[in-house]
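# Got a predicted structure plus its sequence, pasted below:
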Amino acid sequence: MISKEAHLLAYLEEFITQERKERFTQILSQRTEHFTVAIEDLFQVHNTSAVVRTCEVFGVQTAHIIEEKYGKRLDSKIAMGAEKWVTTIRYPHTQPCIEALRGQGYRIVATVPAPGATPLQEFDITPKSAFFFGTERDGLSQEVISQADECLTIPMVGFTESLNISVSVAIILQYVTAKLRASSIPWQLSPQEELLLRLQWTKNSIRSLTDVLSRYESLQ
């Protein structure tokens, strides 16, 4: 029996082009929830938006945004539309984010420029992992670091001891997602996850969505 989501999707797809439907299929085949990103209290709006855009580029479907100190930090202009295709989940505090991710089976990975942290090239991609990134000036809070299952660092050989957060996210995600796709780990989305994302993306692609949904409801 066809689900109500699949039935609605079939109706809504009449309002988008065949090219867009094929593009959704192609991109969904490369999306993953095996890795996710959490960013903690970024001050610069453009950094939060750039991180979301980076997640989209490398096929990481969900970004978790902790907004305890500075409020909302996502600018659609800077994200360049990426927020339409990446699932963003917001938290008012750090602890609920950690607990939610643990509940979904993720290991908490604190990204820190510190001696003793695992170098990126030695990171084990096998477990589901949530990469936490901290503020531009102070880095991650002790709340995250003290509860992390592992600390991860990007090896550097220059005088500079840190990178801009959006650069750090890009380096780490490019490395781990490329390694993941070359592995035998089952990293792809489930059929149900694909269906729900396809439905959301299709909704995001229809300008007069409210009118279209009203017509759909009248036909039921």
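Okay, I see it. Numbering: from 1, shown residues only.

# Could I get the full set of helices for the protein?
Under the criterion DSSP state H, helices of the chain are mapped to 4-12, 18-28, 45-57, 76-79, 94-103, 142-147, 165-181, 191-204, 209-219.

# what's the closest of those to Ile154?
helix 165-181 (5.6 Å; Cβ to Cβ). The C-beta positions use only the backbone N, C-alpha and C, and glycine is treated the same way.

# Now do the closest one and helix 45-57, the angle between them.
10 degrees (axes from the mean of the first three to the mean of the last three Cα atoms, to 10 degrees).

# coming back round to it: just name the most buried of the helices of the chain.
Highest mean neighbour count of the helices of the chain: helix 45-57, a mean of 22 (counted as mean count of other Cβ atoms under 10 Å).

# Just the CA trace of that one, in CSV.
Provided in CSV are the C-alpha atoms of helix 45-57 (Å, rounded to 0.1, in the frame of the first residue of the first chain):
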residue,chain,number,x,y,z
VAL,A,45,26.6,34.9,10.7
HIS,A,46,28.5,34.3,7.5
ASN,A,47,30.4,31.4,9.2
THR,A,48,27.3,29.6,10.2
SER,A,49,25.9,30.0,6.7
ALA,A,50,29.1,28.9,5.1
VAL,A,51,29.2,25.7,7.2
VAL,A,52,25.7,24.8,6.1
ARG,A,53,26.7,25.4,2.5
THR,A,54,29.8,23.2,3.0
CYS,A,55,27.6,20.4,4.4
GLU,A,56,25.5,20.6,1.2
VAL,A,57,28.5,20.6,-1.1
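
# which stretches of this structure have low pLDDT?
The chain contains residues with pLDDT under 70 at 42-45, 68-82, 136-137.

# who does Glu40 bridge with?
Glu40 has these beta-bridge partners by DSSP bridges: Ile66.

# mind listing what it touches?
Residues in contact with Glu40 (Cβ atoms under 8 Å, 6 or more residues apart in numbering) are 66, 68, 94, 132-135, 140-141, 144.

# switch the cut-off to 10 Å
64-69, 91, 94, 97, 110, 132-135, 138-141, 143-144 (Cβ atoms under 10 Å, 6 or more residues apart in numbering).
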